[in-house]
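> Just a sequence and a predicted model for now, questions to come.
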Amino acid sequence: MTPSWLGSFKVDPYLVALVATVAFASIFPAQGAGVEVLDFAVQIAIAGLFFVYGARLSTGQVLSALLRWKPQLAVFATTYLVFPLVGLLLVRLFGGNVDEGIAIGILFLSILPSTVQSSIAFTSIARGNVAAALCAASVSNLAGVVLTPALMALLITSTAGHAMPGSAVKDIALQILAPFIAGQFARPLLAGWLGRHKFATMLFDRGSILLVVYSAFSAGMLAGVWKDVSAQSLVWIALLDVLLLALIMAFTWLASRSLRFERGDEIAVVFCGSKKSLASGIPMANVLFPAHTVSLVVIPLMLFHQLQLFVCAVLARRYAANDPAHDEATASE
């Protein structure tokens, strides 16, 4: 008989596509005139991504759900205060075992916003407060457009000893902030269409990110950055990702119990507070970092993505199995 935890393990098809894209870029990197064309396409894709994010995100729903402010504050503080502090601590303690680009990738991972779709999905499976999860994840993504670049600049200055270049600030404004704000203004016109064509928008989201990944790893191959990445470094990345997720999940659980949250709110805090968004992270990395280092920076995020899906799938099933309301309903049948 297959163990229950093993039955929860499912490889994300999108992760398979990401790995395949990395492999393709390693064998057939963009070269010559193709690099300029690819760079332009990536800039358009990133701007388009954040325009769509802005058009899809309902600020009205976010504001109405903020009435339950305690779990929202817990998720926000975990995402943008506790997570970065833990990431900084791990890099200070163990960063010497990996390449500088990978160490920066751990820091970058720690300041990303939460996911929306999977946070809500796992909260629902665990029979938690879905409305609270929707609000917390949405606020996290809304704030991340500004906070992630700001925190990255602060952390890079404090750890690597150099400031983020001014060109990155301009790129953030042009490729992230401006399209996102434009999407918010266009929401009344586009929200209905986007809601009716979710599959098309999903293809655009994922296809754009795959394009960014191909560009990043092509640049990394041409710059020879992978020559410095050893098997030992990959093991360290996995260990740091596991440690980071374990510490944050333990913190969100203990904080929820200490603050005496209702069970549904606790579930929302645990799942939203421990997640990091691959969909936001890869495009942001392409804007924030030099092209030849992006491939190193996103490795911790790509591994963390699969890890969080596996762990949260197991945990959601355990929460659901131990739901008192479900037990009472079953007993009354």
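Nice, I can see it. Numbers count the residues shown, from 1 in each chain.

> Does A268 touch A132 like I think?
Yes: checked against C-beta atoms under 8 Å, the pair A268 and A132 is within contact range at 4.2 Å. From N, CA and C alone the C-beta is placed, and that goes for glycine too.

> Find residues that contact each of these two.
In terms of C-beta atoms under 8 Å, 6 or more residues apart in numbering, A268 and A132 are both contacted by the residues 71, 123.

> Among these two, which residue is more densely surrounded?
Applying other C-beta atoms under 10 Å to A268 and A132 shows that A268 carries more neighbours, namely 34 against 27.

> May I have the residues that are in contact with that one?
With C-beta under 8 Å, 6+ apart, A268 has these contacts: 71, 75, 119, 123, 128-130, 132-133, 136.

> Let me know the secondary structure of it.
Three-state assignment for A268 (DSSP: H, G, I helix; E, B strand; the rest coil): helix.

> pLDDT below threshold where in the stretch 51-200 of the chain?
59-68, 157-172, 176 (pLDDT under 70).

> Can you identify each of the helices in it by residue range?
Remark: helices assigned in the stretch 51-200 of the chain by DSSP state H, counting those that start in this stretch are 59-65, 69-77, 83-94, 100-110, 117-125, 130-159, 166-172, 178-196, 198-223.

> what does the third one contact?
The one in question is helix 83-94. By C-beta under 8 Å, 6+ apart, helix 83-94 touches 103, 106-107, 109-111, 151, 155, 158-159, 236, 240, 243-244, 247-248, 251, 273, 276.

> Quick one: residues contacting the nearest residue to T148 once chain neighbours are set aside.
Counting by C-beta to C-beta, 6 or more residues apart in numbering, T148 lies nearest to I111, which is 5.4 Å off, once chain neighbours are set aside. Neighbour list for I111: 80, 83-84, 87, 147-148, 151-152, 155 [criterion: C-beta under 8 Å, 6+ apart].

> could you redo the last one with a cut-off of 6 Å?
84, 148, 151-152 (C-beta atoms under 6 Å, 6 or more residues apart in numbering).

> measure it to V314 for me?
Distance, I111 to V314, using C-beta to C-beta, to the nearest Å: 26 Å.

> Phi and psi next, for L112.
phi -70, psi 160 (degrees, to the nearest 10).

> Just want the phi and psi numbers for the most centrally placed residue in the chain.
By C-alpha atoms, centre = their mean, the chain has its centre lying nearest to S277, at 1.4 Å. The phi and psi torsions at S277 (degrees, to the nearest 10) take the values phi -90, psi 120.

> That one: what's it in contact with?
By C-beta under 6 Å, 6+ apart, the neighbours of S277 are 112-113, 115.

> got it, and F180?
Here F180 is in contact with 50, 54, 145 (C-beta under 6 Å, 6+ apart).

> L190 reaches A55, doesn't it?
Yes: the pair formed by L190 and A55 meets the contact definition of C-beta atoms under 6 Å, at 4.5 Å.

> And the two? Which one has more around it.
A count of neighbours by other C-beta under 10 Å puts A55 above the other of L190 and A55, at 23 against 15.

> do you know how far the more buried one is from P29?
33 Å.

> same deal with A200?
From A200 to P29 the distance is 29 Å (C-beta to C-beta).

> of those two, who's got more company?
P29 (19 against 11).

> So the more buried one, which state does it fall into?
Quick answer, by three-state DSSP: P29 is coil.

> Go ahead and confirm it touches A219.
No: judged on C-beta under 6 Å, P29 makes no contact with A219 at a distance of 7.8 Å.

> returning to what we had before: so the residue nearest to T148 versus A255, what's the distance?
On the measure of C-beta to C-beta, I111 and A255 end up 19 Å apart.
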